[in-house]
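In: next one to model:
(2 chains)
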Amino acid sequence: MNMQQIEELKSIASQTRRDILRMINGANSGHPGGALGCTDFMVALYYKILDHNPKDFSIDGINQDLFFLSNGHLSALWYSVLARTGYFPLSELATFRHISSRLQGHPATAEHLPGVRVASGSLGQGLSVAIGAAISKKLNKDNKIVYSLHGDGELQEGQNWEAAMFASAKKIDNIIATVDHNGKQIDGPTDKILSLGNLKAKFIAFDWDVLEMNGNDIEEVINVLNIAKTHTGKGKPVVIIMKTEMGFGVDFMMGTHKWHGNAPNNEQLAKALAQLPETIGDYN
Amino acid sequence: MKTYTYTDLKDTRSGFGEGLLEAGRKNPNIVALCADLIGSMKMDAFVAEFPERFIQVGIAEANMIGIAAGLTIGGKIPFTGTFANFSTGRVYDQIRQSVAYSQKNVKICASHAGLTLGEDGATHQILEDIGLMKMLPNMVVINTCDFSQTKAATIAIADYNGPVYLRFGRPKVPDFTPKDQIFEIGKAIMLNEGKDVSIFATGHLVWTAIEAGAILAEKGIDAEIINIHTIKPLDREAVLKSAAKTRCVVTAEEHQMNGGLGDSIAQLLSREMPTPLEMVAVDDKFGESGIPEDLMVKYGLSTPDIVNAVMRAIVRK
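Out: Next up, the predicted model:
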């Protein structure tokens, strides 16, 4: 990656953050905090890492990398990235959370939105689904990789640990799960709500191959994701514990859990957008 | 009254095991998952023949449902196997979001449903599963009555694209339906044409309804007996046609009154053709330990209970 490519991705990330805030403002509801925090990761993943075919989307995704968003409340981020990588028209972002839209509050398949393969939002289910898709790939002799993203608060759901135990025991080594470790959830800091303790030690104890990265440094995200790819196929599932800042990119949304699930009003939106240059054009 | 005979007492779960093996031989995309109950679910033969297409998930049913949903991505047809209680109530939200709402081609196959599980008691005797599953949009709900029908249904659901809940049970019961039957989802089966009362039965209560029909015949009552193996989608035409003829109805099932087959038929009739209706089902109670036959008597699901329900229904015409 040269400097110019990194700058390009940063400008896309800025645009994506503008989309997220405008979509959530337009719906007067949604979850900006985690979406802003994971923007650099999702932009890196969809623009530089995934081997995928946005123009010819199929649920089965044979011979393509797959991505599952377990923390479905980051939907605004996912929709923006999907639209801007060509899965569906950019203009559709304006329908987010409106009636009769394909862009449901949480991702769904019922409206056949290209890019989404399973519903998510009720937390803790995505890792199991991703593992199932990974097994399907193995049975199909398809050597592509399954990626997934999970919230750290979401790991309080027990199903994740059933899945974590299963994946290592059964050597599901074609999966790269990423945990958004922003340390915050709706009710407050994760340490105060229900501490995850030593998350890295927990995954090591569950016999996963554990990597770490700063999720708000796009160059580091690309480097670590590329390293993670080289760790697949070696008998262990791979997890990346990704430090992020909830609300990253908007000063008044950072350092607090208050923007987990609140929409900015028009005044707050203007203040936020002033911090995020329009680079490749706002959606209409 | 048409006479039904059988040569064997066989468990419905063994019908599932044989059906799964046969479906697996026909279609290489079929995979099976189990949560530490291979023997109870009679999945041994599939496991032995297709070890690479079998996934033992351990005692982790939520994970099993999620993995099954994921397996459909890439074209696999997963059959999950565990007891009915752990197949439904325990994993309701996983089924709701990852399977039903997501329109995934998962077959949730559930044994040991109802009171006939017997001695293990109420913790395991789920009587609410039909209701839980039929309320989910996109979900097909099937409750088979004997070994041969369970085998045929298992084979049939493999060819249907969409989520299915297939419910069967533990005990050995008369295997009276044809061995070579083709199972049609949503198509009620006429077992005895009659004119005085319609008995709509599902699961193990189908044979009980046949026994009741013979007793009623001796009393001069000509009962129409229909096997409703598919609770959803309900065969509306069959129900309405029969009720129009007999003008009184009895439903029979090994399930709570709330949410079961009787509830579905009552809803249909009250909207389309109000008809006196009596339900043979468990009346808002949990079960208990005991031998299955005794439990069926104690909880009002035995042959005389159907006979009595018919008498009550007929006087309400």
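In: so how far is A:Gly126 from the residue nearest the centre of chain B?
Out: Centroid-nearest residue in chain B: B:Asn143, 1.2 Å away (criterion: C-alpha atoms, centre = their mean). Distance of B:Asn143 to A:Gly126, computed by C-beta to C-beta, to the nearest Å: 32 Å. Any C-beta I mention is one placed from the backbone N, CA and C, and that applies to glycine too.
In: need the contact list for the residue nearest to the centre of chain B.
Out: B:Ala113, B:Ile130, B:Arg167, B:Phe168, B:Thr202, B:Gly203, B:His229, B:Ile231, B:Glu253, B:Leu261 (C-beta atoms under 8 Å, 6 or more residues apart in numbering or on different chains).
In: and these, which two are furthest apart?
Out: Spanning the widest gap among the contacts of B:Asn143 are B:Phe168 and B:Leu261, at 14.9 Å by C-beta to C-beta.
In: for B:Lys298, grab the count of nearby residues.
Out: 14 (other C-beta atoms under 10 Å in any protein chain shown).
In: how about the one 10 residues further on?
Out: Neighbours of B:Asn308 under the rule other C-beta under 10 Å: 16.
In: in three-state terms, label it for me.
Out: helix (DSSP: H, G, I helix; E, B strand; the rest coil).
In: list phi and psi for the residue located most distally from the centre of chain B.
Out: Distance from the C-alpha centroid of chain B peaks at B:Gly220, with 30.3 Å (C-alpha atoms, centre = their mean). B:Gly220 adopts backbone torsions of phi 80, psi 20, taken as degrees, to the nearest 10.
In: can you check the pLDDT for it?
Out: pLDDT, B:Gly220: 98.
In: next one: the one 3 residues further on
Out: Among the per-residue scores, B:Ala223 holds a pLDDT of 98.
In: correct me, but it touches B:Ala217?
Out: Yes: counting by C-beta atoms under 8 Å, B:Ala217 is a contact partner of B:Ala223 at 7.4 Å.
In: now the helices: where do they sit in the stretch 1-150 of chain A?
Out: Under the criterion DSSP state H, counting those that start in this stretch, helices of the stretch 1-150 of chain A are mapped to A:3-27, A:32-37, A:39-44, A:75-84, A:126-139.
In: I meant to write chain B there.
Out: Using DSSP state H, the helices of chain B run over residues B:12-26, B:38-41, B:44-49, B:61-71, B:84-87, B:92-94, B:129-134, B:147-158, B:205-218, B:236-246, B:261-272, B:292-298, B:303-315.
In: report whether the longest one contacts chain A.
Out: Which is helix B:12-26. No: using C-beta under 8 Å from any C-beta of the partner chain, we find that helix B:12-26 stays clear of chain A, coming within 13.1 Å at best.
In: where does chain A have low pLDDT?
Out: Within chain A, no stretch falls below the threshold (pLDDT under 70).
In: residues of it that sit close to chain B?
Out: A:59-62, A:66, A:108-110, A:117-122, A:125-137, A:139-140, A:142, A:158-159, A:162-163, A:165-166, A:169-170.
In: re the thing from before, of B:Ala223 and B:Ala217, who's got more company?
Out: The neighbour comparison of B:Ala223 against B:Ala217 (other C-beta under 10 Å) goes to B:Ala223, with 29 against 15.
In: residues contacting the more buried one?
Out: B:Met1, B:Asn192, B:Gly194, B:Asp196, B:Val197, B:Ser198, B:Ile199, B:Ala212, B:Gly213, B:Leu216, B:Ala217, B:Val310.
In: now the two most distant members of those.
Out: The widest separation within the contacts of B:Ala223 (C-beta to C-beta) is 15.0 Å, between B:Ser198 and B:Ala217.
In: how about A:Met155: what's its closest non-neighbour residue?
Out: Not quite, residue A:155 is Leu, not Met. Distance criterion C-beta to C-beta, 6 or more residues apart in numbering or on different chains; nearest residue to A:Leu155, sequence neighbours excluded, is A:Leu196 at 6.0 Å.
In: show me the contacts for that neighbour.
Out: So A:Leu196 contacts A:Asp152, A:Leu155, A:Gln156, A:Thr190, A:Lys202 (C-beta under 8 Å, 6+ apart).
In: among those, which are in helices?
Out: Going by DSSP H, the helices hold A:Thr190, A:Lys202 from the contacts of A:Leu196.
In: buried subset of the contacts of A:Leu196?
Out: A:Asp152, A:Leu155, A:Gln156, A:Thr190, A:Lys202 (16 or more other C-beta atoms under 10 Å in any protein chain shown).
In: between these, which is nearest A:Glu220?
Out: A:Asp152 (18.4 Å).
In: now the closest one: closest residue in space, sequence neighbours ignored.
Out: A:His181 (4.7 Å).
In: look up how far A:Ile59 lies from the residue of the stretch 151-300 of chain B found nearest chain A.
Out: Residue nearest to chain A within the stretch 151-300 of chain B: B:Asn161 (12.0 Å; C-beta to the nearest C-beta). As judged by C-beta to C-beta, B:Asn161 and A:Ile59 stand 12 Å apart.
In: now swap in B:Arg25 and tell me
Out: For B:Arg25, the distance to A:Ile59 - C-beta to C-beta - is 26 Å.
In: settle it for me: which of these two has more neighbours?
Out: The neighbour comparison of B:Arg25 against A:Ile59 (other C-beta under 10 Å) goes to A:Ile59, with 18 against 12.
In: hmm, that one is touching A:Gly115, no?
Out: No: judged on C-beta under 8 Å, A:Ile59 makes no contact with A:Gly115 at a distance of 10.3 Å.
In: for B:Thr230, which non-adjacent residue is closest in space?
Out: Here the residue nearest B:Thr230, using C-beta to C-beta, 6+ apart, is B:Gly186, at 4.7 Å.
In: who are the neighbours in contact with that neighbour?
Out: So B:Gly186 contacts B:Val140, B:Thr230, B:Pro233, B:Leu234, B:Asp235 (C-beta under 8 Å, 6+ apart).
In: give the buried subset of those residues as a PyMOL selection command.
Out: To isolate the buried members of these in PyMOL, using 16+ other C-beta under 10 Å:
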select buried, chain B and resi 140+230+234+235
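In: just so I know, which of the helices of the stretch 1-150 of chain A lies nearest A:Ala228?
Out: When these are compared by C-beta to C-beta, helix A:39-44 sits nearest A:Ala228, at 11.7 Å.
In: in the closest one, what's buried?
Out: Result for helix A:39-44 [16+ other C-beta under 10 Å]: buried residues A:Thr39, A:Asp40, A:Phe41, A:Met42, A:Val43, A:Ala44.
In: check which helices and strands it sits against.
Out: helix A:3-27, helix A:75-84, helix A:218-231 (3 or more C-beta pairs under 8 Å, 6 or more residues apart in numbering or on different chains; DSSP states H and E).
In: chain A contacts on chain B?
Out: B:31, B:52-53, B:55, B:57-58, B:60, B:62-76, B:78, B:93-94, B:96-98, B:101-104.
In: among those residues, which ones are buried?
Out: Buried among those by 16+ other C-beta under 10 Å: B:31, B:53, B:55, B:57, B:60, B:62-74, B:76, B:78, B:94, B:96-98, B:101-104.
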